[in-house]
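> Compute the structure for the input listed below.
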Amino acid sequence: MSFGGPVVLVFLIPLILSIGIIPVIPFSDATEHNQICIDKVWLENSKGKIACVTQATADQLVKRGWGTKLSDDIFAEKLTMTPSGEIILPPYPDIPDVDPGLLAHNINLGAISDEIDYLNSPEVVKVTEKVYVAIGYGLGNITMIIGDDGLIIIDTSDSYEVGKEVMLEFRKITDLPVKAIVYTHHHADHVNGARAFAEEADDDLEVYAHSTLMDGIYGENGETATAVSYRGIYWMGVALPKEGPDRVISSGIGVPLHIGGTTGLVLPTITFDDRLEVESAGLTMELIHVPSETPNEIAVWFPELKVLQGGEVLYKLWPNLYTIRGVLYRDVGLWFKSIETMRELQAEYLVLSHTYPVIGKENVNDILLITHDGIQYIYDQTVRGINKGMTPNELVQTIKLPDSLLNHPQSDWLEERYGEREWHIRGIYSGLIGWYNNDVMNLHPILFEEKSAKIVEGFGGTEKTLQMVRNAIENEEYTWALELATYVMYAEPDNEEAKLLKAFASRVLGHQAHTATSRNMYLTTAHVLEGKIIIDPSIAAINDAEQIKVLSIGHLLNLIPAKLDPEKAHGVNTVVGLYFTDVDEGYTMHIRNSIAALKDTLPENPDVLMTTDTDTFKKHIIGEQSLRKSFELGEIQIDGNLDDLILVFNMFDKVTT
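Next up, the predicted model:
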């Protein structure tokens, strides 16, 4: 999970319209094809229409809850409301709604109680007399270490509300005050519940983190956060229904993402770079930098207790070496070395931020060993293939884990239920040598729309290409069907048959998917194509007001240049000075050549200089108060023309949504 990713959607989830049940479009000439008609509302402009399908498909649709068979009388009434023309979808294959292996994995997570119910079963698990872990309350686990005179809380899950709920459970065990909070890394499902525990602390609360934790929060909540959030809607399945065959069943590493919640981040008070040994609550605690899922990941070692809290370095599935949400390259070469560092501690208890704890020195060692070796194998063989001139497509076809790992007694720790090794091989390739695959065809490719039109034409036109899609579906070549339908969609953006056939193939692939993230993305895509949900990237959240309030002014200003509208800034050459009295920091923003050049020093001769404090400036950023109102209240001083300053800031897209 990333701070700028799906968890941010807790605060500003895009508009989701549920306006359909079954993946077929209405048509009218059903009686000519001896078909069964099913009630259906599809897009806004086709309310009251019906869909008609074969008997076998109708049985499948009704069985899956996607429609209700209409009587002849209702059919006759509805038929008069439908236009001529029809799109008949192929029979839906008789497959489970959820891959059986994925279903079993999610039951083990506590994400669901059976294949129908959408329930989680939160619980506080006792590891030792001094160690407890709260699992299933939010996406991330929360670990409580009981010391002599207080508590150490490691990771705080995804919201203030989750933190409060867990703290109430912890209070059934102990009434000691919280002495320390430790963030294993910057992802939101590990830091956002902190305030709930800080409220249970004495005045001497310390909050520990790696020295780059805030850089991680700022970075993933920064320039590309809108794109990451948009992908995260698909990746986490937050727009999918809670019931039915297309339900979201989990995130892969825990319960489905909770929608709704408050940011409760508390800023770190003590940070370190490599290792830090401290005494807290009467216990020796060693914080160890273990770069892996994030560059700021840390493990927490309690030598007296023989307990290792390993954060998100691993979980009971294949580690997510690359995320298709789209964040900075995860250094896989460092990742497996971090696991070896953890293995050398010889812990007897391994507590993690996702999944249940591991008990027993031998079990801990085995799990760390096979995870280390699995990651190193994929990394080394990808590098080896790169040096042999292999392309990403060739690499993913040839690199498979050895039998010694796949048949290991702890091999369930290598199951692909969250990320997939194919994606990770591609991620390593791109992270090490970039996107170019040494084929000049890719140096200056034509537009995909143009390519699609040429492909469709080469296949003999739209109708023949759509028939190829249907043939692929009939032959159970769903990935090929999805690709073919995509070409038609780009060649003819309004072709509804192509959209519905792509949705059909995408749904089948989603129901067959062995990872939760693949399932979420395929099924969300199907719902979007069918018009059941609308996801607008322009309203995918970047930052909410609470997050803006904890950003340093420097990091906040660094978000702004990439939001400049070049048309509004065309021909403008203006130097703006920004001075913030409460932190004694000055900045220059020079609008020129349709860019906003930012420096962390005040300009010598600005066209306009604004003097204010950071809180007042943030009120403007989050839309609480305009610059003009702040000026009228005396909270902003202007040297120059206020209207010039307002004109400059109106050239930028909003930082918040």
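> Distance of the nearest residue to M651 once chain neighbours are set aside relative to F652?
Nearest in space to M651, with sequence neighbours left out and distances taken as C-beta to C-beta, 6 or more residues apart in numbering, is K568 at 4.2 Å. C-beta: built from backbone N, CA, C; applies to glycine. K568 sits 8 Å away from F652, going by C-beta to C-beta, to the nearest Å.
> Between those two, which is the more surrounded one?
F652 (18 against 15; other C-beta atoms under 10 Å).
> quick one: contacts for that one?
Contacts of F652 were listed using C-beta atoms under 8 Å, 6 or more residues apart in numbering, and they are 560, 563-565, 596.
> That one pairs with what?
Residues in a beta bridge with F652, per DSSP bridges, are L564.
> Per-residue pLDDT of it, please?
Per-residue pLDDT puts F652 at 91.
> where's it relative to N593, distance?
16 Å.
> Check P256 too.
Taking C-beta to C-beta, one finds P256 at 46 Å from N593.
> Which residue of these two possesses the greater neighbour count?
Counted by other C-beta under 10 Å, P256 and N593 do not tie: P256 has more neighbours, with 24 against 12.
> longest strand in the protein, by residue count?
Criterion DSSP state E: the longest strand present in the chain is strand 201-210.
> who's in contact with the helix or strand following that strand?
Heading C-terminal from strand 201-210, the first helix or strand you meet, by DSSP states H and E, is helix 213-220. Here helix 213-220 makes contact (C-beta under 8 Å, 6+ apart) with 2-5, 183, 185-186, 191, 228, 265, 267-268, 271, 294-296, 327-328, 551-552, 555, 558.
> Quick check: mean pLDDT of helix 213-220?
If you average the pLDDT over helix 213-220, you get 83.
> next one: stretch 515-530
The average pLDDT within stretch 515-530 is 94.
> That one: how far from the chain's middle?
Distance, stretch centre to chain centre, for stretch 515-530: 13 Å (C-alpha atoms, centre = their mean, to the nearest Å).
> quick one, helices of the stretch 401-550 of the chain?
Assigned by DSSP state H, counting those that start in this stretch, the helices in the stretch 401-550 of the chain fall at 403-406, 421-433, 448-458, 462-474, 478-491, 496-512, 516-529, 545-550.
> Confidence-wise, which of those is weakest overall?
Minimum mean pLDDT among the helices of the stretch 401-550 of the chain: helix 545-550, a mean of 67.
> Past that helix, which element shows up next along the chain?
Downstream of helix 545-550 (by DSSP H and E), the next one is helix 553-558.
> got TSV for the helices of the stretch 401-550 of the chain, with distance to A239 and mean neighbour count too?
Converted to TSV, the helices of the stretch 401-550 of the chain look like this (distance: least, C-beta to C-beta, whole Å; neighbours: other C-beta atoms under 10 Å):
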stretch	distance to A239	mean neighbour count
helix 403-406	35	12
helix 421-433	21	20
helix 448-458	25	15
helix 462-474	25	17
helix 478-491	19	22
helix 496-512	13	23
helix 516-529	6	25
helix 545-550	22	18
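> domains in this protein, as residue ranges please.
Domain assignment of the chain by automatic domain parsing yields the ranges 30-79, 103-362, 443-538, 552-649.
> Select, out of those, the one closest to H408.
Closest of the domains of the chain to H408 is domain 103-362, at 13.0 Å (criterion: C-beta to C-beta).
> What's the end-to-end length of that closest one?
For domain 103-362, the first-to-last residue distance is 28 Å (C-alpha to C-alpha, to the nearest Å).
> per-residue pLDDT, G101?
91.
> Make sure it is actually in contact with Q512.
No: here G101 does not reach Q512: they are 10.9 Å apart, not a contact under C-beta atoms under 8 Å.
> Which neighbours do those two have in common?
Residues touching both G101 and Q512 (C-beta under 8 Å, 6+ apart): none.
> my guess is A188 meets S157, correct?
No: taking contacts as C-beta under 8 Å, A188 lies outside contact range of S157: 9.2 Å.
> Can you show me the helices along the stretch 201-350 of the chain?
With DSSP H, counting those that start in this stretch, the ranges of helices along the stretch 201-350 of the chain come out as 213-220, 225-236, 332-343.
> got the ones you listed as a markdown table, with distance to P90 and mean neighbour count columns?
Formatted as a markdown table, the helices of the stretch 201-350 of the chain follow (distance: least, C-beta to C-beta, whole Å; neighbours: other C-beta under 10 Å):
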| stretch | distance to P90 | mean neighbour count |
| --- | --- | --- |
| helix 213-220 | 41 | 23 |
| helix 225-236 | 24 | 24 |
| helix 332-343 | 41 | 20 |
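> out of the ones you listed, nearest to P177?
When the helices of the stretch 201-350 of the chain are compared (using C-beta to C-beta), the closest one is helix 213-220, at 23.6 Å.
> Make TSV from the helices of the stretch 401-550 of the chain and add distance to Q346 to it.
Output for those, formatted as TSV (distance: least, C-beta to C-beta, whole Å):
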stretch	distance to Q346
helix 403-406	22
helix 421-433	29
helix 448-458	53
helix 462-474	53
helix 478-491	45
helix 496-512	42
helix 516-529	33
helix 545-550	38
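> Relative to G150, how far out is D175?
11 Å.
> So which of the two has more stuff around it?
Using other C-beta under 10 Å, the more surrounded residue of D175 and G150 is G150, with 22 against 9.
> Correct me if wrong: the more buried one contacts L176.
Yes: using C-beta under 8 Å, G150 is in contact with L176, at 5.1 Å.
> other SSEs contacting the top helix by length along the chain?
Counting residues, the longest helix found in the chain (DSSP state H) is helix 361-387. Helix 361-387 sits against helix 332-343, strand 349-351, helix 392-398, helix 403-406, helix 421-433, with contacts defined as 3 or more C-beta pairs under 8 Å, 6 or more residues apart in numbering; DSSP states H and E.
> among the ones you listed, which is nearest E415?
When the helices and strands packed on helix 361-387 are compared by C-beta to C-beta, helix 403-406 sits nearest E415, at 9.9 Å.
> which residues sit against the closest one?
Residues from elsewhere that reach helix 403-406 (C-beta under 8 Å, 6+ apart): 370, 373-374, 377, 411, 414.
> chain center to it: distance?
For helix 403-406, the distance to the chain centre is 30 Å (C-alpha atoms, centre = their mean).
> Extract the CA atoms of that helix and return them as PDB.
Provided in PDB are the C-alpha atoms of helix 403-406 (Å, rounded to 0.1, in the frame of the first residue of the first chain):
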ATOM      1  CA  ASP A 403      11.200 -27.200  -7.800                       C
ATOM      2  CA  SER A 404      13.200 -27.000  -4.600                       C
ATOM      3  CA  LEU A 405      11.300 -23.900  -3.700                       C
ATOM      4  CA  LEU A 406       8.000 -24.800  -5.200                       C
END
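> count of residues packed around E223?
By other C-beta under 10 Å, the residues close to E223 number 17.
> check contacts around Y377.
Neighbour list for Y377: 401-402, 405 [criterion: C-beta under 8 Å, 6+ apart].
> Apply 10 Å and report the result again.
By C-beta atoms under 10 Å, 6 or more residues apart in numbering, the residues touching Y377 are 336, 399-402, 404-405.
> can you redo those as CSV with distance to G282?
Listed next are the contacts of Y377 as CSV, based on distance: C-beta to C-beta, whole Å:
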residue, distance to G282
F336, 35
I399, 49
K400, 49
L401, 44
P402, 46
S404, 44
L405, 41
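> quick revisit: need the overlap of contacts for K568 and F652.
Counting by C-beta under 10 Å, 6+ apart, the residues touching both K568 and F652 are I591.
> Please list only the buried members of the contacts of helix 403-406.
For the contacts of helix 403-406, a burial check counting by 16 or more other C-beta atoms under 10 Å picks out 370, 373-374, 377, 414.
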